[in-house]
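Trainee: Here is my input, please return the structure:
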Amino acid sequence: MNIKKLVIRYAFLSLILILIQGKNVFALGESEVRFNNLTLKDGLSQSTVNKIIQDNKGYMWFGTSDGLNKYNGHEFVIFRELVNDKKSINSSFISALIEYDNDNILVGTSKGISKINVITNEVSRMFEDEEGKSKLSNNNIWDILKHSDGTIWIATRKGLNIYNPKTGDMYQIFKDTEPKGLKSNVVTSLCEDKYGNVWVGTSEGLSVINTKTKEIQHINDILDNDNSAISNIYRDRDDNIWIVTDNHIMLVSSNYKDITYFDKELESFKISPDSVNAIYEDKYNNLWISTQNGLLEYNKENKKMHLFESRYYDDTSLVNDNVLTAYEDRSGLLWFGTYNGISLLNPKQPFKHYRREPDKENTISDNSMSGIYKDSDGMLWLGTNSAGLNKLNTMTGEVTNFYSNNSDENTLSSNVVWQICEADKDNLWVATQGGVNKINKKSGNVERLKYPDNMRERNKMDARNVFVDKDGLLWIGARGGLQSYDDKTGTFTDYSNVFKAVGIVENAVTSISQDEEGFLWITIGIDGGVVKFDKDKGVLKSYLNNSFDSNSLINNGVRCLEKDSKGNVWIGTEAGLSKLDPKTDKFTNYTVVNGLANNFIYGILIDEEDNLWISTNDGLSRFDQKTNKFINYTAMDGLQSNEFNGRSYFKSKDGEMFFGGINGVTAFYPKDVLKLSDNRNKSKVVIDEIKVNNKTYPYYGGTLSLKYNENNISIDFFLPDYLNTTKTTYEYKLEGVDEEWTFANKRNNANYATLDSGTYKVLIRARDNHGDLTPVTALDLKIAPPPWRTPTAYLIYFSSAVIVIFLMWSYVTALEKTVKKRAEQLKKEAKEKEKLYIEKEKLYKEAADLKDEMIKRQKFKNDYFVNLSHELRTPLNVILATVQLIKLKNKEDCLGKYQVEDYTNTLKNNADHLLKIINDIIDSSKIESGAYKLNIEKQDIVSLVEDTALSLKAYIEENNLDIIIDPEIEELDVECDKNEIERCVINLLSNAIKYTHGHGTIEVFIRECENETVEIAIKDTGVGISKEQQKIIFDRFVQADSISKKQYRSSGIGLTLVKSIIELHHGTIRVESELNKGSTFIITLPIRQEKSK
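Mentor: Reported below is the predicted structural model:
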């Protein structure tokens, strides 16, 4: 790059004008800005914060002089150097921070560079060999730059290092590097310009390196001399280059032709260039200059500069004047690292703050506010609870104070000023603890009203409210009741007796207003409720709380009242908010349960959109009548305090609202607050940490796969919206398990214990400090099944079952042969003995005994085989049928893993039965059944049922039965699992075959029904089922004891499985039967399966 000689432009006169304007704005602007501060008491490792960044996950990182801090808004994780531990950072003194890639940051220290994984917090020391020797030219890191080409530039106390992560190469440049080196080996600052060149600041001057040609050029024209020390270089959003030296702060234009010095601006704030620590530009084109003497804000558009300083009396000011660094996070929040912690600033906060500034001579007299009024001339009048009245020019910041002096009747009656209102274009009415005063706005002359003798009691003269009605009559709300004053005649009227006549003894008035019909609405504190007063007729209508009526006023201690554009009357009490519908005289009440910030209400103002703004003892609430929703604001959002004061609220003609409290006045335009809420960046909840069985798992996104016994899960999360983390609440839900969201309040953690195997989705969302829900963050979990529920395990079960069946069949066959052989042998012996008995009487008894033994053994044999064959026939038939189905399915190559599970379960259950009959000859493990997973596809149900029935035709005919297949339709596509429907049909047909006598008939019907369903009916002419037995025929286990073995299904398992499969298809099955006439089983299936299911 060829850099031309820079032309220096001075505009001294214009700069002086800028400075004058800037100081005026600063005088007012600083009191309007609120900083939130993080210090040691919040968990920061050390007070001196040198560097700040935010990673792409949303974590904030603070580099201090004693440790690196990772912050998520809830807690700090601190990294420090540990002796002889290479898994700790190189040094606790942090001098540089950059984001290396999506998962890692680089940390520059006084002893080298560390890389930290932002997800796992694992630390690795970079540029060190196995023996711990550094590959850098020097380990004292001053700055790190990630170039747009991916290379890492490292400024050290002894040379410049350029690292290529792709190749692993390290290139170093020194002062004596040939053909041309740096100005000095002490490299202090690095900056990439829009062309990709790198500006290198050193202790003895400035160099520019062309990254393409590697050419180094020394820049001398910008500096007063060749040896100027460069402390900071910064590129702003307009591609201008800012350079800070010991003597100057200057702006080099993006075309490198012009330079502008800002030394004079700094000098006007008594700040020298050598005290500048850093420069940073936010997205609103404000340049923030961090100095040792405060924080400077420079607006590039209007050329104005403000200085923000730490104020000992204001904990919402800058935490320390020595500002070291600045950073803007993704939400637009500004972070300033100082010598005593961190200050956070919302640059677009809509709330202004007027308060006493003790270090100024011309300031508001006190921070505890009461009455507020903005007159027709734009002057803001502020009454205090003990320090008189203030007149504030909001344009210039000039303040005029009014006090009480007992020896001077031309002063206020009391320094306790309750309320102010305008008498006419020239005068104000001021309500004080000592009476009502009239003040001339221009001259400032004060006139005390002369009370008649009968009203000179202290409670009568303690004027709490002043209000001028449509007729120009002044109404005064005193601690001792309602009064009026005619300024033309100078006469007072006391209405205390009018109130007492209707039973209102305690009549300390808290507010007065008038509706469009001319009625006065008067609120009365302690226990007086609300009064609607017809001043012409002298008639009162009282509204009070009725503890037996939920539609009455919520509480009698009323503080304020306001009417909206629809005619609703809103009443603020000491126990909540009430809305009066004047048409019905019914109240609707709201409390903290509904979202109100606090039940003790001081003031209500209503904006042009009919939103209510409500000051309370714990913040400011905005109530949206359209959504019936409260949004709450606190001191963290920029309010003067969370606690407000009574009578201290006012809405100006241009819509600006003022609320006073114990720490000054908060002013704002509602539209600005709403606009900021609508236009802000909405963050998403970030997964912070996942613990499985108390072991931390790193989460990089996607699906988290776990073992079957890793099912106790704890998830930590946070919302990277740091403006007011105390207002953030969280909700979570396990999709498919939790029907409702779990409200965790401020707890940023979710726990799930003993989850079964399967796939899950954890949904997490937050409600931010504006009360809005954030987008949902999803975490996918997959917990594997246990080894005994895997496809491999099921294959082993099936193989084992086949082997067991074979062994049992072989044993039974061998046993039959042995018994038969032995029976024949006994019969032969009996005959021989019978012959001997005839010949020899002597042997008769023996022969008779032998005969008896033979008979007994024959009977045992018969009984044994009858019982055994009876018991074996049913399970063996099922086993044979199942084997037949397995062969059929295997032949068709459609034997799925879930069908294998079903068949093996059937074989296992019947094998267990046989094993029990033969005295547990062969042991077998019990099978643990699993859930069905349907493979839904479009199938021609007619063809499917017909083919299935025909596959059993030979078996049916072998049993001397006839089968009739009679579909009413030719074809019909139905969404179903082909194999499972086939299985159900085979099961029902097998039952029909089993319980239908010879020469019987089995019929199969298929028809399309209304409501998008199809019916499959299987009818037999078998033994039938009784009414009582029909009720339990589909039940598992109960049926085994309830139905005769000669009736249907002694085990009860087959029909239960059929019913389960049909219900998985969202269908039904029922039975129609008569004893000795036969049974009909009817399956009803939906033609289409709902996807949501």
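Trainee: Count the residues that sit near residue 445.
Mentor: Neighbour count for residue 445, taken as other CB atoms under 10 Å: 11. No exception for glycine: its C-beta is placed from N, CA and C like everyone else's.
Trainee: Same question for residue 326.
Mentor: For residue 326, using other CB under 10 Å, the count is 23.
Trainee: in which helix or strand would I find it?
Mentor: Counting by DSSP states H and E, the element that carries residue 326 is strand 323-328.
Trainee: pLDDT averaged over that strand - what is it?
Mentor: Averaged over strand 323-328, pLDDT sits at 98.
Trainee: Paired strands for that strand, with orientation please.
Mentor: Strand pairing for strand 323-328, determined by DSSP bridges: strand 334-338 (antiparallel).
Trainee: so how far is the strand it pairs with off the chain centroid?
Mentor: Relative to the chain's own centre, strand 334-338 is displaced by 26 Å; criterion: CA atoms, centre = their mean, to the nearest Å.
Trainee: Which residues does it contact?
Mentor: By CB atoms under 8 Å, 6 or more residues apart in numbering, the surrounding residues in contact with strand 334-338 are 35, 47, 49-52, 60, 62, 282, 288, 290, 295, 318-329, 342-347.
Trainee: Tell me if I'm right that residue 707 and residue 782 touch.
Mentor: No: with contact defined as CB atoms under 8 Å, residue 707 does not reach residue 782; the gap is 10.4 Å.
Trainee: what's around the residue lying closest to residue 423 once chain neighbours are set aside, how many residues?
Mentor: The shortest distance from residue 423 to any non-neighbouring residue, by CB to CB, 6 or more residues apart in numbering, is to residue 429 (5.0 Å). A count of nearby residues for residue 429, using other CB under 10 Å, gives 25.
Trainee: so what's residue 429 bridging to?
Mentor: residue 421, residue 438.
Trainee: returning to what we had before: hmm, who's touching the strand holding residue 326?
Mentor: In contact with strand 323-328 (CB under 8 Å, 6+ apart) are residues 48-54, 277-280, 282-283, 288, 290-292, 294-295, 334-339.
Trainee: Can you tell me which of the residues you listed are classed as buried?
Mentor: For those, a burial check counting by 16 or more other CB atoms under 10 Å picks out 48-54, 277-280, 282, 288, 290-292, 294-295, 334-339.
Trainee: Show me these that map onto strands.
Mentor: 49-54, 277-280, 288, 290-291, 294-295, 334-338 (DSSP state E).
Trainee: Please name the nearest non-neighbouring residue to residue 296.
Mentor: Here the nearest residue to residue 296 in space, its sequence neighbours aside, is residue 289; by CB to CB, 6+ apart that works out to 4.0 Å.
Trainee: Which pLDDT does the model give the one you found?
Mentor: 97.
Trainee: returning to what we had before: mind checking which of the contacts of strand 334-338 are buried?
Mentor: 35, 47, 49-52, 60, 62, 282, 288, 290, 295, 318-329, 342-346.
Trainee: How many residues are close by residue 89?
Mentor: 26.
Trainee: how about it, what does it touch?
Mentor: By CB under 8 Å, 6+ apart, the residues touching residue 89 are 68, 79-81, 107, 109, 114, 116, 123, 125.
Trainee: What of residue 477?
Mentor: 431, 463-467, 483, 509-512, 522.
Trainee: which residues are contacting stretch 54-66?
Mentor: Contacting residues not belonging to stretch 54-66 are listed as 44-53, 68-72, 80, 92-97, 99, 102, 105, 107, 118-119, 327, 329-330, 335, 337, 342, 683, 686, 718, 720, 722 [CB under 8 Å, 6+ apart].
Trainee: in the stretch 251-400 of the chain, which spans are helices?
Mentor: 263-268 (DSSP state H, counting those that start in this stretch).
Trainee: was I right about residue 604 contacting residue 564?
Mentor: No: with contact defined as CB under 8 Å, residue 604 does not reach residue 564; the gap is 9.7 Å.
Trainee: Now do the shared contacts for those two.
Mentor: The contact lists of residue 604 and residue 564 share 570, 612, where a contact means CB under 8 Å, 6+ apart.
Trainee: Look at those two and report which has more neighbours.
Mentor: For residue 604 and residue 564, the more surrounded residue by other CB under 10 Å is residue 604, and the numbers stand at 23 against 16.
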